[in-house]
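1. Just to be clear, the model below is a prediction. Sequence and coordinates:
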Amino acid sequence: MSYGTRQKFYHSKAWNDVRKTVWIKQHLLCNRCHKPVYVDGISEYLPKEKRRTGIVHHKIYLDNINVYDPHITLDINNLEGVCKECHELEHHQDQVTRNDYVFDDDGNLVLKQK
Ligand SMILES: [Zn+2]
Ligand SMILES: [Zn+2]
């Protein structure tokens, strides 16, 4: 998937709205380890080192094609709010994470900046 497409999607209002809905539904708790997470725009301010970043994960991973399909990208049933640690575990298990990819602050898989 092109970097631009992903960025556009993750910065859309529609995504921001659905992302918030997921977190409110989960009471800002990770769906896997049930620890409280920090979510921009919802959580009260916390210094960075105290934050456990919350990430909304797509159960059906996004690819070049389905990123244009709102039934995949914005379907609440395809979304799961998890903390950064659990999210990395998920993607490691499926070996999606490669050495040249990292997660950015929003939990998006992006090419490592050289
Ligand atoms: Zn977790
Ligand atoms: Zn994910």
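-> Yes, it's here. Ligands and ions are numbered 1, 2, ... in the order given.

2. Stretch 18-31 vs ligand 1: in contact?
-> Yes. Counting by C-beta under 5 Å from the ion, contacts between stretch 18-31 and ligand 1 involve C30. Quick note: C-beta positions are derived from backbone N, CA and C, even for glycine.

3. quick one: buried residues of that stretch?
-> For stretch 18-31, the neighbour count (16 or more other C-beta atoms under 10 Å) marks 18-19, 22-23, 26, 28-31 as buried.

4. Can you name the residues that contact K8?
-> If a contact means C-beta atoms under 8 Å, 6 or more residues apart in numbering, then K8 has no contacts.

5. so when I look at it, I'm seeing a strand, right?
-> No. Checked against DSSP: H, G, I helix; E, B strand; the rest coil, K8 lies outside a strand; its state is helix.

6. from the buried residues of stretch 18-31, which single one is nearest E85?
-> C30 (8.2 Å; C-beta to C-beta).
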